[in-house]
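Undergrad: Got a predicted structure here, sequence first:
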Amino acid sequence: MQKWMILFVIVMLAVSVSIAADNESSRIKTSQGDKALIFTVGGLGSFDLDGQLAGLVMYPDENAFSSDELKGIGVKTFLSDNMALRLGFGYETMTRTDEGDEGDHTLTYSVMAIMPALEYHLYQSGPVSIYTGAGLFYASMSSSTEVPDSDEQKMSASTMGFAGLLGAEFYPWKSVSFAAEYWLGYMSGSSKMEYGDEEVDGPKLSALGTNSFGVMIGFHW
């Protein structure tokens with residue numbers, strides 16, 4: 001009896017594996033009209049979900065320059081079979097006010113970024129789809145400081161860029177995928193400082209190179 005139970009379990013496992021293999025390609029959602037919400041996955045030490053990359057903003061500092069990733073809402077829709085339009089958009093504004101005897105000290109900060117991209121899925125093998133594409137982005141950042149009996153100080157920076165991309169998307173389940181990408185791109189940025197009526201242009205910044213982006217998780221319907 002025990003031998004028959006072991007044989008039954010082995011047969012059922014073999015059938016399950018066979019069915020799973022047959023259905024691997026049907027998990028891939030790259031048909032016209034398919035849509036997805038996109039998030040990024042945090043590191044293994046602090047696993048969490050974050051927004052989709054919407055752009056990068058560069059600004060000068062004491063060393064050379066710094067850049068910040070801006071994240072926000074991420075969506076994807078397939079315009080035709082294997083061809084998808086992807087969009088990342090992020091916006092945030094913050095204000096801090098410190099009350100004092102001589103008046104309020106106010107700091108305002110805001111960022112905005114938008115990144116459209118096209119994906120073209122080239123090759124599918126089992127639950128994996130290899131794709132290429134291209135994207136561009138625009139990002140801006142601004143801040144202002146107001147203190148009593150002093151001119152308002154403002155800083156603004158903007159960055160534009162474009163890139164080609166190569167990625168792989170893995171579908172462990174029908175409505176969920178994980179993806180990672182390589183980027184080859186260029187971006188340029190500028191900044192400006194304002195002290196009352198006086199304006200000072202910052203240095204022109206540019207960068208060219210490769211980068212990797214991921215892991216992204218998509219929830220498809």
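TA: Nice, I can see it. This structure is a prediction, so every number in the text was calculated from the model and none was measured.
Undergrad: all contacts plus neighbour counts: C-alpha atoms, from now on.
TA: Fine.
Undergrad: Bridge partners for the residue positioned nearest the centre of the chain, pull those for me.
TA: For the chain, the residue sitting closest to the mean C-alpha position, by C-alpha atoms, centre = their mean, is L53 at 1.7 Å. Using DSSP bridges, the beta-bridge partners of L53 come out as K71.
Undergrad: ok, now which ones touch it?
TA: By C-alpha atoms under 8 Å, 6 or more residues apart in numbering, the contact set of L53 is T40, E69, L70, K71, G72, G74, G88, F89, M115.
Undergrad: pretty sure S26 belongs to a strand, no?
TA: No: judged by DSSP: H, G, I helix; E, B strand; the rest coil, S26 forms no part of a strand; its state is helix.
Undergrad: Could you double-check that it sits in contact with K174?
TA: Yes: with contact defined as C-alpha atoms under 8 Å, S26 counts as touching K174 (7.4 Å).
Undergrad: Okay, the residue nearest to the centre of the chain and R96: tell me how far apart.
TA: Counting by C-alpha to C-alpha, to the nearest Å, the gap from L53 to R96 is 26 Å.
Undergrad: With V57 instead?
TA: 22 Å.
Undergrad: Compare the two (neighbour count), which wins?
TA: V57 (26 against 12; other C-alpha atoms under 10 Å).
Undergrad: Now that one: which helix or strand?
TA: strand 52-60 (DSSP states H and E).
Undergrad: Check what pLDDT the residue nearest to the centre of the chain gets.
TA: Looking at L53, its pLDDT reads 87.
Undergrad: likewise G185?
TA: 93.
Undergrad: do the same with Y131
TA: pLDDT, Y131: 97.
Undergrad: and the contacts of L53 as CSV, adding pLDDT and neighbour count?
TA: As requested, the contacts of L53 are exported to CSV (pLDDT from 0 to 100; neighbours: other C-alpha atoms under 10 Å):
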residue, pLDDT, neighbour count
T40, 89, 23
E69, 85, 12
L70, 87, 23
K71, 89, 24
G72, 91, 22
G74, 95, 22
G88, 94, 24
F89, 95, 23
M115, 95, 24
